[in-house]
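>>> here is a sequence with its predicted model. Questions after.
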Amino acid sequence: MSEKPISAADLGRRARDVLRALVQDYIHTGEPVASQPLLARHELDCSPATVRSVMADLEALGLLTKPHASAGRIPTGAGYRLYVDTLLKVRPPAQADRERIERVAGESPAVEALLENTAGLLHNLSHHAGVVTTPRPNADPVRQIEFVKLRESRVLVVFVSEAGLVTNKLMHLDFPVEAGELERAANYLNEKLREGPVATLRERILAEMREDRSALHGLVEKALLLAERSIGAGGETGMVVDGEESFLDAPEFADVQKARALLRAFAEKDRILRVLDRVLRAREVQIFIGAESELATIPDVSVVAAPYGRGDTVLGTLAVIGPTRMNYARVIPLVDLTAREISRALSGPGES
């Protein structure tokens, strides 16, 4: 049976003050924190002996740990969690940061550029990895299809989603088709997309083929083949990442094996996407510290993430992924504001 997590109510005022000060110092310096420097940098109104006693108590509670045989201590995952949930004082982003976020949200001309620029913005503001997932197919369905005939039997399929996300797919066809036929097939499919979702497109086309045996039948049949081959393999969520190499600058990732495992997680994407999927269900800023995330095999990693959307529809997630020793007081409001501004940009004038 797991023990009940320590809460702020379980600690006295002095213990809360010491824990807050120690976490802040460790985030700033990256070095184990001892009692004398802690007293020199913070007004704790107690003696060094008292601070050492409080630190020992916090260690016994599992909120601090001593990495080696020194007087200094560092926060544990539980210590960070208590700090973030109850001791952290979060303030709105600075005016300069707010203006940069609003500028990116307002000036990106297309959805793809908006998502790429947002990942870069989160990296530049936090100095950690910025991550943005592309809209979920079920939340951002295809509203338009175009076919472009290339050389030989190749056709480029262009999908435009409800949010305006443009994606391309190259198809190799084993049946002849002319450019004019592709245009007529696209017009037919787009008309069908206006009548209902892409998930039921095949059934609706087949029903029409059964009812209509006219000269249109050949076009409808080719349109069905094109739709099945182009749409059938779609439906994956993508991920835009900027700044994953920033982990290599963190002392916690000086270990080659740890750094390699982390960069592999970014390259393979699946584990990171599973973490960010949990944010879609929560619909608000979420913070995963260390083992709380699907990145549990990679210690010392935290994720601060928030969903973005259009109107009431959640489309995807944006996040900052960095060491557990990140500046949460700065990163949390940056992620929150960025998600709200990106949502406002996608929703258009008059919506939020």
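The structure has been received and is ready for your questions.
>>> in this protein, where is pLDDT below threshold?
The chain contains residues with pLDDT under 70 at 1-4, 69-71, 212-217, 232-236, 296, 349-352.
>>> got the domain ranges for it?
8-87, 95-135+237-347, 142-231 (automatic domain parsing).
>>> just the endpoints, please. Distance across the shortest one?
This means domain 8-87. 8 Å (C-alpha to C-alpha, to the nearest Å).
>>> assign E146 to helix, strand or coil.
Secondary structure for E146, judged by DSSP: H, G, I helix; E, B strand; the rest coil, is strand.
>>> ok, which stretches of the protein are helices?
13-29, 35-41, 48-60, 77-82, 95-107, 111-126, 179-195, 201-211, 217-231, 256-268, 270-282, 328-347 (DSSP state H).
>>> quick one: the longest one to helix 111-126, angle?
Read that as helix 328-347. In terms of direction (axes from the mean of the first three to the mean of the last three C-alpha atoms, to 10 degrees), helix 328-347 departs from helix 111-126 by 160 degrees.
>>> helix 328-347 vs helix 13-29, what angle?
Using the same axes, to 10 degrees: helix 328-347 against helix 13-29 is 70 degrees.
>>> ok, now how distant is G12 from C46?
12 Å (C-beta to C-beta, to the nearest Å). C-betas here are computed from N, CA, C, even on glycine.
>>> before we move on, what about Y328?
Between Y328 and C46 the computed distance is 25 Å (C-beta to C-beta).
>>> more neighbours, these two?
Neighbour count, other C-beta atoms under 10 Å: between Y328 and C46, Y328 has more, with 23 against 15.
>>> and that one, how far is that from K222?
Counting by C-beta to C-beta, the gap from Y328 to K222 is 56 Å.
>>> cool, and E181?
From E181 over to K222 the distance is 6 Å, taken as C-beta to C-beta.
>>> please apply the same query to V104.
Counting by C-beta to C-beta - V104 and K222 are separated by 42 Å.
>>> what residues sit buried inside stretch 314-329?
Buried residues in stretch 314-329, counting neighbours by 16 or more other C-beta atoms under 10 Å, are found at 314-326, 328.
>>> in JSON lines: these, plus distance to T133.
Formatted as JSON lines, the buried residues of stretch 314-329 follow (distance: C-beta to C-beta, whole Å):
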{"residue": "V314", "distance to T133": "11"}
{"residue": "L315", "distance to T133": "9"}
{"residue": "G316", "distance to T133": "4"}
{"residue": "T317", "distance to T133": "5"}
{"residue": "L318", "distance to T133": "8"}
{"residue": "A319", "distance to T133": "8"}
{"residue": "V320", "distance to T133": "13"}
{"residue": "I321", "distance to T133": "12"}
{"residue": "G322", "distance to T133": "17"}
{"residue": "P323", "distance to T133": "22"}
{"residue": "T324", "distance to T133": "22"}
{"residue": "R325", "distance to T133": "25"}
{"residue": "M326", "distance to T133": "20"}
{"residue": "Y328", "distance to T133": "22"}
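>>> so which of those residues are in strands?
Cross-referencing these against strands under DSSP state E gives 314-323.
>>> next, format these as CSV and append distance to P333.
Formatted as CSV, these follow (distance: C-beta to C-beta, whole Å):
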residue, distance to P333
V314, 20
L315, 22
G316, 20
T317, 17
L318, 14
A319, 14
V320, 11
I321, 17
G322, 15
P323, 19
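>>> how many neighbours does E211 have?
So E211, with other C-beta under 10 Å, has 8 neighbours.
>>> correction: the previous question concerned E203.
So E203, with other C-beta under 10 Å, has 10 neighbours.
>>> could you measure from it over to G196?
9 Å.
>>> ok, A96 next?
Between A96 and G196 the distance is 47 Å, computed by C-beta to C-beta.
>>> okay, those two: which has more neighbours?
Between A96 and G196, G196 has the larger neighbour count (other C-beta under 10 Å), namely 12 against 9.
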